[in-house]
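Engineer: Got a sequence here, can you model it:
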Amino acid sequence: MADAVLDRLTASNVFDLGGVVAVVTGGGTGIGLMMSTTLLANGATVYIIGPKQEDLDKMAKVYNDAAEKTGKPGRMHGIQGDIRFKAEALRLADEVGKREQHVTALFNNAGIMAGQFAPPAAPTAAAFRAAYFDPITEEDFDLSLRTNAVGPYWLTFAFLPLLERWKASAGAGGARVAPQVVMTSSMNGWTKDPRTASRSFPYMFSKAALGHATAALAHELLPLGIRVNGIAPGLFPTEMSAPGTIDAVGASRIPPDLRFPFAVPAAAPGQPGGTNKDMGALVLCLVANWFINGETVLIDGGTLLEHASSY
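Structural biologist: Next up is the predicted model:
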């Protein structure tokens with residue numbers, strides 16, 4: 001009996017995602033790609049959603065070819081879509097529903113940053129208005145909120161029927177992994193220091209909204225048995241944090257000479273910020289764990305220990 005217990009608790013069994021179907025918005029770049037490649041590597045079928053079909057197909061081919069070469073069963077498929085809109089959420093759910101009987105996990109990950117400001121030139125009201133008010137547009141707030149907070153609301157409810165069907169799919173693993181929605185918020189949904197958010201209040205406010213949505217929707221979906229959890233990343237190498245550094249496999253790197261206006265803990269020697277392994281380990285934990293619900297996991301290397309926050 002003890003050997004059976006040990007076998008059941010091996011990483012290969014705990015994190016076996018065979019039969020799992022995941023949808024990852026923004027899944028072809030940045031943190032979304034860290035998520036989608038982790039899911040694929042452990043046996044899941046992954047649908048990545050983004051603005052350009054050509055880019056999605058290119059990234060899917062890179063990793064599908066690698067998966068086939070190494071004998072991994074997971075596969076990646078791209079679907080173009082704009083997650084800001086209610087009608088698009090329904091269309092995307094219909095598109096996935098034409099190809100799959102169910103969805104195990106929806107990762108509302110896509111996000112943008114807009115409305116950055118330079119620090120005030122002096123401690124005066126006029127200087128503060130010139131910094132925080134004059135350069136920020138209404139569109140900065142509209143785009144940030146619609147992409148980072150409102151879009152995940154539409155997608156969550158549009159995909160509910162597919163998530164609910166997963167519970168009945170015992171043959172595909174539905175009795176093994178509970179369905180859930182995962183929101184990508186940010187440490188900047190809790191920080192009080194805009195330096196950690198590239199000095200963008202639209203970004204900070206939209207991520208704070210998504211953090212509250214995670215707990216509220218988890219409560220609301222309890223009767224359906226569909227979990228809602230969140231991930232709040234700190235600094236990870238992405239096109240947002242390190243523009244122009246994407247390589248052939250879609251990964252970014254933080255150049256050694258790039259400096260940030262806040263304390264950045266090292267994930268490993270010579271590696272500021274988090275890695276795809278750090279993000280992947282958390283993704284696997286949330287997918288495999290039935291007992292986490294309504295929580296947002298901070299994964300920032302301790303950044304908010306150095307900066308004032310409400311986390």
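
Engineer: Per-residue confidence, the residue nearest to the spatial centre of the chain, what does it come out as?
Structural biologist: Nearest to the mean C-alpha position of the chain, counting by CA atoms, centre = their mean, stands residue 109 at 3.2 Å. At residue 109, the pLDDT value in this model is 97.

Engineer: Quick check on residue 186: phi, psi?
Structural biologist: The phi and psi torsions at residue 186 (degrees, to the nearest 10) take the values phi -170, psi 150.

Engineer: do residue 49 as well
Structural biologist: Torsion angles, degrees, to the nearest 10, at residue 49: phi -120, psi 130.

Engineer: Tell me if I'm right that it and residue 93 touch.
Structural biologist: No: taking contacts as CB atoms under 8 Å, residue 49 lies outside contact range of residue 93: 10.7 Å. Placement of C-beta: from N, CA and C, glycine included.

Engineer: Compare the two (neighbour count), which wins?
Structural biologist: residue 49 (30 against 22; other CB atoms under 10 Å).

Engineer: ok, the more buried one - contacts?
Structural biologist: Residues in contact with residue 49 (CB atoms under 8 Å, 6 or more residues apart in numbering) are 23-27, 56, 78-81, 83, 92, 110.

Engineer: let's see 7 Å
Structural biologist: For residue 49, the contacting residues are 23, 25, 27, 79, 81, 83, 92, by CB atoms under 7 Å, 6 or more residues apart in numbering.

Engineer: Let's see the pLDDT reported for it.
Structural biologist: On pLDDT, residue 49 comes in at 98.

Engineer: Can you name the residues bridging to it?
Structural biologist: In this entry, residue 49 is beta-bridged to residue 25, residue 79, by DSSP bridges.

Engineer: okay but residue 301 is in contact with residue 265, surely?
Structural biologist: Yes: contact criterion CB atoms under 7 Å: residue 301 and residue 265 qualify, at 3.5 Å.

Engineer: Give me the subset of the contacts of residue 49 lying in helices.
Structural biologist: residue 92 (DSSP state H).

Engineer: quick revisit: ok, residue 301 and residue 265, which is more surrounded?
Structural biologist: Shown here are residue 301 and residue 265; by other CB under 10 Å, residue 301 has more neighbours (22 against 15).

Engineer: Now do that one against residue 262, distance only.
Structural biologist: Between residue 301 and residue 262 the computed distance is 12 Å (CB to CB, to the nearest Å).

Engineer: ok, now residue 305?
Structural biologist: 12 Å.

Engineer: okay, those two: which has more neighbours?
Structural biologist: residue 262 (16 against 12).

Engineer: Next one, pLDDT for that one please.
Structural biologist: With respect to pLDDT, residue 262 scores 77.

Engineer: Look at it and give its secondary structure.
Structural biologist: Under DSSP: H, G, I helix; E, B strand; the rest coil, the three-state class of residue 262 is coil.

Engineer: Would you check that it makes contact with residue 197?
Structural biologist: No: counting by CB under 7 Å, residue 262 does not reach residue 197; the two are 9.2 Å apart.
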